[in-house]
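Peer 1: Next one to model:
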Amino acid sequence: MESHSKIQAELIHLIGEYVALRFTVPEVTSSTEVEGDELYAMFAVDKSGSMSGSPMNDAKGAAESLTTKFRKMDIPVAIYPFDSRAKEFCSDVVGYDTIVENLQKLKASGGTIFQNVMEMMVKKIREQHLKNIFVVWLTDGQDNNGLESLIPIMDAHKKEYEDQGVSISIQCIGFSSEHDATLLTKLSTSGTRPGTFQYVPEGGRIPVAVNNVYNLAFESTTWARFIASEGKNYKVSVEKVEGKDELRALVYVSENDLEECKVELHKGSAVSEFEVELNRSESRGLEDLVFLATAFISSKVVQALEKGIEGAGQRLAEMAPLIEETDRRVENLLEQSRRLRPYKQKQLQPYFNAAKDLTTFFFQITKTLGGGEISNEDFAKINGLANALFLKRNLERKIAKESGEGLTALQLGEEEIDRLSQDLKIEEIRGTYESQAQELGACSISRKNWIDCVSTGDCLCITFQVERPQNLMGNPYETKVTKINATMLSHDSFLNSNLFETKAGQIIQGPRNYQHGKEPVLASQLVDGLFDEYITGLMPIFITKEHWQFARLRLKQMLAYAISVDVLDYNENQVKVFPFLIMARALSESDKYSQSICNHIVDTCQQVYLENKDSIIPDIHAKLMEYITNPSLRLANSIVDNSVILCQLHFANLAGDLQEYRGVVPYIFEEEVRRSFKHHEDLKFNELCLKVLGIDMLPYFEPIRTALMSGEASYADKFRVVKQGGKPEDAKKEEKGAVEIAEQQIETPQGIQTLGEYATNTYNSILEAFTPGESLGKLGRILKLFGYDQSLESLGLLTNEQKLAFMLQCIGHKKDADRTEAIQSGKFCDPFNAQAAHDWVLQTYKSTIEKEILAYKSQLLNQIQGKESEKRAAIFAMSEDLEDAAGCVYGMTQGSSGFPQFIKALKQPNIPHIIEKVKMITLGHFEGVKLILDEIPGTIDFVQWKPTKKTVHEIWKVHKDAGTKEQWQEAFPHKFDYFDHIYLRMQGVFVPYSKPKKNVTDQRHWEGKDRTKRSPRPAGSGRGRGRGRGGRGGRGGRGGRGGRAAPRGGRGGRGRGFRGSP
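Peer 2: Take a look at the predicted model:
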């Protein structure tokens, strides 16, 4: 052992007689260079019978997770599955994949012998001359030979490791409530570096335990012990200093043991001894003192448990006064921390929480036991809590390292706020802005106006509601701002309230855990006095330059929080995008409050632009060129949100950074209308063209229909015979020959002189959509910023052909795939080019008619050439002669196989006399003649057909322009109220649903109704896997349509049965 010069140690008084000593670990040259040696990981996995069930699955999962983590770091791994025997699988021999495969195959059986694994590990260390080893035992710690047989082996191995300069850390994770906590505690102290023991109960958080031990793998391989007077030893914690090539050591010592004290330092095979020169000091601040005090509690509890479960209760009871005094000190520190700024408070909160968990359980068991023996489970639990507190600093450092720039930006912002607060001339600000501050309003929690806020380094924020994606990857475009709230809050009040929720495992923790998909909680339920609204995001705003100097320093954190529920998850793209998304949302709001606060949001976005324009302007330039030159690059996969570009473009224009911008605005407008305008009908492109261009197809269909009808027997004769009291078979029959349909000439207009009614209504609907609160409300407000009024003419759509091309393409190309196909096939035109729009509209006019004629011919020929019932239904639908149509229906029954063909025919477009034909089917008669021949026992009344609401809607939707509301009510008398309601809704009048479905979110539909109750399913309406009951007289007869089984195999409705065979 070599002797060296003295170590300069910093002495900080902590609790009672105890002090904390900190010193920099001196550099020592070792004949065995351990720090540079490759780390080797070894995992012992207990697969004995006592591990069966959940413990076995947990151990396998933990081992696989650790193997994956070390594989990513290219660190070799050996696993040792064991029961009464042990096996060895090494990644440097069989590969990582084989290790994982063998882990997945493990099954619990057999006895438990630890010695076999210990001997195999020490053998590998010897043979491969390993110097830096990290061992993890995953077991319930029940050895068949008992702890006493293992202690000599563990002591011998530890001495060998020390003699050979081996740096080895042994971590234990215990499973099953029946584990041997004493064995695992002893095992964790059998390395040359400090180890830990964590107990994971069934259903416990295994990933937390795995992450805790994984982080310890990369601690320094140098270890030390503090030797006090009379040979008394204290455990020394050694850790690497982040960003520096040095080690720092910490040890808690009684002041009574400071005379003639030394530090024994082990690095590889070299052992050096240093005298200690003590220098009394103060802690580096409140944060430093919190860490020292909380870590002291964990170290004292761990020290009491190191000797095992026997006598542990007595040892814990003896230190109760010390823990009580330390707990009071920690409570005092907690009180002091409340005077810190919120972020610093929350960085310290995990230490306070972990310390409180430990001391609460400590006092619980010491008071209960009164110095008696502690149970195995309580021993494991308090040991786990102590180790969790001990590991807390490592975990927080790891999270801080992963947070990277986000944490750095936060810390720099805190320092700048401290500086600004010292220089703030608050009385001058009050004198200048007091009345303005009172008019704007105050934080709804603290009741402070913005001047009061900045006086304490705080700032005022607007609040809003967002919908976040599941992945929370920090992409601002994936987070949707759904509502700007009436509430304003200060930044600090929000962080200190129950509104602040965070994900698990973050440095900055809120009082509530965020869970994606969980229904948000109303602000009024979280904080008394707030409105019934959801507050899931907030943004500091520009009010004055004095307020902005504080608000801008909180902006990044609040944007990151709104997007990913993590104030440290900031990236540059967020500040360039998300404020403008908030602005766009505010512009689309219709209530007075939102419009009043909108000015502050616009001012905030202007400041954001000015401070970030060096990175924003190049993006704008690139996107403007794409918009003008390539229509396919206007789609959502290239430009996610047009409102962001427009807002940025507006501020660039105000700043004089972009002079030529007006040429691109119409194209952005067209693309945004395509994406956002909600047309009242869902039509195929050809159907849309027919309506918007006002094309009447009847003149083209009539010759086709006449030609085809000339080849068929007259059903009108059949109807007339029946009407006169005769029999249908007495009607004259005449054979017809083959039919030829002549080609038709299509007359294309030279131009569109006026817009038809449908086109005019569609045009007006687009204009109405620009009002606040409607689908294009935000676009209309943004266009006003550029000086455009709410008309298509102001954007350059001057001719009727331009307006038609604009409407047809915006509505008809609603899907990106449709727009892409039109561009690639050369069928897309620039509606702002008058000549191109003229040519495109005329060509579309002609091609639409050609496609309709071809489709109509094909449809009628297929129907007429089909089965008899299909032919009759087709003639029924196409005939202009109502007597002919009635003759087709005559003789049908509702239960016949041909009846559905008539219903299907009614859903086809371009049916003449649709109202009268519907009445033939629903009322069952025409001109007093009974057409539907079902019979009602005891009466000669006509049988009415009462279709479902879905069928009624399908027929009406296709033909709604063919009749008035009253006519449709006459055609479907059983749905009288339905048509009242649907026509009122078409006029914008709210009518509540009588039986709203569960996915209906508008609360007005639920007034007076129980949302938890499901509407009863009508008999036979469900469709399931079971069949209807067979008809009488035989088994296995299939149920009729009404008798299909209910969902999930439930019993179906009765329905009409078919008689089964005997």
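Peer 1: tell me the phi and psi of residue 787?
Peer 2: Note on residue 787: backbone dihedrals following degrees, to the nearest 10 are phi 90, psi 10.
Peer 1: how many neighbours does it have?
Peer 2: As a burial measure, residue 787 scores 9 neighbours (other CB atoms under 10 Å). For the C-beta atoms, the positions are set from N, CA and C on the backbone; glycine is no exception.
Peer 1: Same check on residue 152?
Peer 2: For residue 152, using other CB under 10 Å, the count is 9.
Peer 1: element containing it, please.
Peer 2: Secondary structure assignment for residue 152, by DSSP states H and E: helix 147-163.
Peer 1: Surely residue 562 is in contact with residue 555?
Peer 2: No. Residue 562 is beyond contact range of residue 555, at 10.7 Å (criterion: CB atoms under 8 Å).
Peer 1: between those two, what contacts are shared?
Peer 2: residue 539 (CB atoms under 8 Å, 6 or more residues apart in numbering).
Peer 1: re earlier: and the helix holding residue 152, what does it pack against?
Peer 2: Here helix 147-163 touches helix 114-127, helix 181-188, going by 3 or more CB pairs under 8 Å, 6 or more residues apart in numbering; DSSP states H and E.
Peer 1: and the first one, average pLDDT?
Peer 2: Helix 114-127 shows an average pLDDT of 95 in the prediction.
Peer 1: In this structure, which residue is most central in space?
Peer 2: residue 470 (1.9 Å; CA atoms, centre = their mean).
Peer 1: my guess is that residue contacts residue 515, does it?
Peer 2: No. Checked against CB under 8 Å, the pair residue 470 and residue 515 is beyond contact range at 10.8 Å.
Peer 1: Common neighbours of these two, please.
Peer 2: Common contact partners of residue 470 and residue 515 (CB under 8 Å, 6+ apart): none.
Peer 1: tell me the contacts of residue 605?
Peer 2: 579, 580, 582, 583, 647, 651.
Peer 1: where along the stretch 101-250 of the chain do the strands fall?
Peer 2: Counting by DSSP state E, counting those that start in this stretch, the stretch 101-250 of the chain has these strands, from start to end: 132-139, 167-175, 197-200, 223-227, 233-235, 237-240, 247-254.
Peer 1: Paired strands for the fifth one, with orientation please.
Peer 2: Right, the one you point to is strand 233-235. With DSSP bridges as the test, strand 233-235 is paired with strand 223-227 (antiparallel).
Peer 1: ok, and what's touching the strand it pairs with?
Peer 2: 21, 25, 167, 192-194, 233-236, 238, 249, 251, 253, 261-266, 276.
Peer 1: How far does that strand sit from its chain's centre?
Peer 2: Mean-position distance between strand 223-227 and its chain equals 49 Å (CA atoms, centre = their mean, to the nearest Å).
Peer 1: now that strand and strand 167-175, what's the angle there?
Peer 2: 90 degrees (axes from the mean of the first three to the mean of the last three CA atoms, to 10 degrees).
Peer 1: can you map out the helices along the stretch 201-350 of the chain?
Peer 2: Using DSSP state H, counting those that start in this stretch, the helices of the stretch 201-350 of the chain run over 206-216, 286-305, 312-318, 320-337, 342-369.
Peer 1: helices or strands up against the shortest one?
Peer 2: Helix 312-318 sits against helix 286-305, helix 342-369, with contacts defined as 3+ CB pairs under 8 Å, 6+ apart.
Peer 1: Check the offset of the longest one from the chain's centre.
Peer 2: Going by CA atoms, centre = their mean, the spacing between the C-alpha centre of helix 342-369 and its chain's C-alpha centre is 32 Å.
Peer 1: which residues touch the residue nearest to the centre of the chain?
Peer 2: Going by CB under 8 Å, 6+ apart, the list of residues near residue 470 reads 516, 517.
Peer 1: Let me know the secondary structure of it.
Peer 2: Under DSSP: H, G, I helix; E, B strand; the rest coil, the three-state class of residue 470 is coil.
Peer 1: Can you list the buried residues in stretch 476-484?
Peer 2: Buried residues in stretch 476-484, counted by 16 or more other CB atoms under 10 Å: 476, 478, 479, 481, 483, 484.
Peer 1: I'd like the residues you listed as CSV, with pLDDT, distance to residue 921 and secondary structure appended.
Peer 2: Converted to CSV, the buried residues of stretch 476-484 look like this (pLDDT from 0 to 100; distance: CB to CB, whole Å; DSSP: H, G, I helix; E, B strand; the rest coil):
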residue, pLDDT, distance to residue 921, secondary structure
476, 95, 55, helix
478, 94, 50, helix
479, 95, 52, coil
481, 95, 50, strand
483, 92, 47, strand
484, 93, 52, strand
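Peer 1: Can you add distance to residue 124 and give these back as TSV?
Peer 2: Shown next, in TSV, are the buried residues of stretch 476-484 (distance: CB to CB, whole Å):
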residue	distance to residue 124
476	51
478	49
479	51
481	58
483	62
484	64
